[in-house]
Structure formats: structure tokens, C-alpha cells
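K.L.:
Take this sequence and fold it.
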Amino acid sequence: MSRAIRFHRIGGPEVLQIDDVEVSAPKAHEVQIRVKAIGINRAEVMYRTGQYVIEPRFPAALGYEAAGVVESVGEGVTNVAVGDPVSVIPAFSFAEYGLYGELVNAPMHAVVKNPAGLSFKEAAATWMMFTTAYGALIEMGDLQAGETVLIGAASSSVGQAAIQIANMVGATPVALTRSTQKRQALLDAGAAYVLAGNDQDLQGQVMEISHGKGARIAFDPVGGPDVANLLRALSRQGIFFQYGALDSRDISVPVMDLLGKHLTLRGYELFEITGDPQKLERAKEFITRGLSVGALRPNIDRTFAFEEIAEAHRYMESGSQVGKIVVTL
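P.N.:
This is a model prediction of the structure:
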């Protein structure tokens with residue numbers, strides 16, 4: 001028996017509870033992990049509140065990211081061995097696996113060895129944020145040195161990852177935020193500039209920063225009417241990636257910019273990368289290299305104990321964090 005965090009009904013953070021569960025031996029191509037740290041993601045909040053892409057089946061397990069030590073392996077597992085420090089990439093459905101537990105099973109393809117020098121807390125905070133940002137900016141956007149990228153909700157963990165990836169390839173990361181209180185924290189996190197995404201003069205400011213070219217990529221989880229400001233600030237053949245819907249209203253599109261600059265507007269989600277073996281391997285290689293040379297490093301805003309999971313979710317919902325929220329065991 002092992003402790004796991006589950007919920008038995010949709011609701012606020014208070015529905016999360018610690019249950020004693022029986023953890024089966026790992027099946028073929030599964031890895032069993034003794035968990036040391038868990039990364040908290042907004043997808044888990046959405047799942048708990050019934051606003052995610054799949055409906056929970058009760059009692060519902062949840063959790064996309066964890067780091068720990070390999071306890072045992074199933075038949076056919078070759079990439080890790082018992083005793084290895086590992087972390088888990090979100091490359092599965094909550095209907096299949098959940099990582100909020102002391103002892104968990106995960107699919108082999110989603111498990112990676114931790115680079116030397118990466119703590120369990122850092123490892124648990126790594127893969128969702130960096131893989132999400134990598135997929136849009138590098139795999140699909142082909143961001144290059146000297147280009148400008150607009151990063152919406154830049155104080156989020158994915159926003160922080162996008163800032164680091166842009167810097168890693170020599171691009172100019174422009175952090176967009178609604179809170180002036182987070183300006184210095186974003187500059188400290190590596191943003192070259194911090195601007196208000198809802199500022200009507202965003203286009204003029206970006207044109208000045210980019211020497212009249214505009215930003216080639218906008219990477220945004222917010223959406224809503226303020227998207228028009230981002231689109232006006234894009235360059236010719238610029239690409240707008242929307243990977244969330246923090247503002248669930250329809251986006252506003254300035255049609256003359258769309259036509260005149262040949263813009264591309266694209267919905268994007270992490271599973272486009274983690275669901276494709278070749279793209280996932282390229283993501284692993286890029287992120288592992290970045291971690292190894294120190295170009296990428298997760299920014300952990302705050303940690304909570306396993307028993308404080310409700311408080312961790314409450315803090316996530318407050319929107320106060322700059323970086324990743326981690327639960328430790």
C-alpha cells in the first residue's frame with residue numbers, strides 16, 4: 001500500500017485527499033518510481049474542476065510531473081534501471097497514469113534520467129514547462145538568433161521556460177504581463193524587455209525593440225481580445241501560437257494585419273510533441289543539453305509538503321507565482 005492524492009468529486013482544492021492505494025507491479029514497458037518531488041501544473045487544476053479535455057473517472061488520480069528513484073521496472077524497459085534518479089515527461093493521459101503519489105508507475109517512453117547536478121525538486125519542475133515551450137518555439141517555430149519573440153503570461157512556468165529557450169538560441173525574449181509588480185522578477189528571469197500585453201501601443205514598442213521588423217513569434221496562453229495587440233506587433237509571416245485559454249473569450253484578429261503580413265495563427269498543445277516519438281526525442285535532446293550546460297534551469301517559486309496539496313493548488317489558482325510550484329515528499 002502507498003499514499004496517493006486523488007479526488008472523488010469535482011470541486012475546489014478541498015476535494016483533494018490522501019488515500020491509501022495498492023500500487024501494482026510495473027507492467028511491460030512501465031517504470032515504478034519512488035517519488036521525491038511533484039511538479040504542479042494548471043492542467044491538474046482544470047482536471048480537478050471539470051474544465052479539462054477529458055472527464056475524470058472517480059476516484060480520479062492526477063499528476064503529470066514527478067521525479068524520484070526507480071524502484072522496479074517492467075519487462076522490456078531498457079532506458080533506465082533500478083536506483084536511477086529519473087523524472088517524468090507529460091506524455092500520457094490522466095485516464096492512464098497519475099503521479100501524485102509516493103509510489104507510482106509511468107510509461108517507459110515518458111521517463112528520463114536526470115542530468116547530473118539536477119535536484120529532484122528541479123527535475124520535477126522541468127519537463128512540462130520546457131517541452132511545451134520547446135515545441136512551439138523550436139520544433140514548430142524554428143526560432144533563430146536575432147529574432148524577437150513575444151511571451152504571454154511570462155511569469156508562468158512555461159513563460160519562464162520560453163524566456164530561457166529564447167536566450168539559449170540567441171533570440172530576444174519580450175515578456176508580456178498584466179502586473180507591473182512582476183516586472184523586476186521577469187527581468188531577473190532573463191527577459192530582455194517587459195511590456196504590458198494589453199497596451200494599445202504594444203506594436204510601437206515592439207517595432208522599436210526589433211528595429212522595425214516586429215516579432216516573428218508570439219507564444220500565448222491567454223487569448224481573448226488583447227490578442228489583436230500581439231498580432232499587430234508581429235513581423236511579416238509572423239506566427240501566433242495559442243497554447244491555453246486563460247481568457248476564454250474569442251480572440252480578436254485585425255484582418256488587415258492578417259492579410260497584409262501573411263500571418264499564421266495556430267492552436268498548439270504539448271501532446272503534439274510528447275505524442276510523436278521523433279519529436280519527443282528531439283525535445284529530450286534539446287532540453288537535456290540545455291540543462292547540462294546551464295542554459296536551462298527551472299525557476300521554483302515555492303514548495304509545499306505532500307500533505308499540503310490543497311494549499312499548493314490554492315496557490316496555483318491565485319496566480320501569484322513567478323515560476324514553478326513543487327510538492328516534496
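K.L.:
C-alpha from now on. contacts and neighbour counts both.
P.N.:
Will do.
K.L.:
For D201, list the residues it contacts.
P.N.:
If a contact means CA atoms under 8 Å, 6 or more residues apart in numbering, then D201 has N229 as its contacts.
K.L.:
make it 10 Å
P.N.:
195, 229, 232-233 (CA atoms under 10 Å, 6 or more residues apart in numbering).
K.L.:
as a whole number, average confidence for stretch 187-200?
P.N.:
In this model, stretch 187-200 has a mean pLDDT of 87.
K.L.:
about what we covered before: okay, and which of the contacts of D201 map to strands?
P.N.:
Judged by DSSP state E, the contacts of D201 include L195 as members of strands.
K.L.:
Select the longest helix from the chain.
P.N.:
Counting by DSSP state H, the longest helix found in the chain is helix 277-293.
K.L.:
buried ones in that one?
P.N.:
280, 282-284, 286-288, 290-292 (16 or more other CA atoms under 10 Å).
K.L.:
now A162: how far from G135?
P.N.:
10 Å (CA to CA, to the nearest Å).
K.L.:
If you count surrounding residues, which of these two has more?
P.N.:
Neighbour count, other CA atoms under 10 Å: between A162 and G135, A162 has more, with 33 against 23.
K.L.:
What mean pLDDT does the helix or strand hosting the more buried one get?
P.N.:
Element membership for A162, per DSSP states H and E: helix 157-168. When pLDDT is averaged over helix 157-168, the result is 95.
K.L.:
Tell me the first helix or strand C-terminal of that helix.
P.N.:
strand 172-177.
K.L.:
Could you list the buried residues of the helix or strand that that following strand is followed by?
P.N.:
Once strand 172-177 ends, the next helix or strand along the chain (criterion: DSSP H and E) is helix 183-188. By neighbour count with 16+ other CA under 10 Å, helix 183-188 contains the buried residues 183, 186.
K.L.:
now stretch 256-265
P.N.:
Those would be 257-258, 261, 263, for stretch 256-265 by 16+ other CA under 10 Å.
K.L.:
just those residues now: which is nearest T172?
P.N.:
L263 (19.8 Å; CA to CA).
K.L.:
Give me the neighbour count for E75.
P.N.:
11.
K.L.:
Tell me the confidence at it?
P.N.:
pLDDT, E75: 96.
K.L.:
which residues does it contact?
P.N.:
26-31.
K.L.:
same check, this time on A106
P.N.:
A106 touches 26-27, 29-33, 64, 66, 73, 87-92, 96-99, counting by CA under 10 Å, 6+ apart.
K.L.:
Quick check: phi and psi on it?
P.N.:
The phi/psi pair for A106 (degrees, to the nearest 10) reads phi -140, psi 150.
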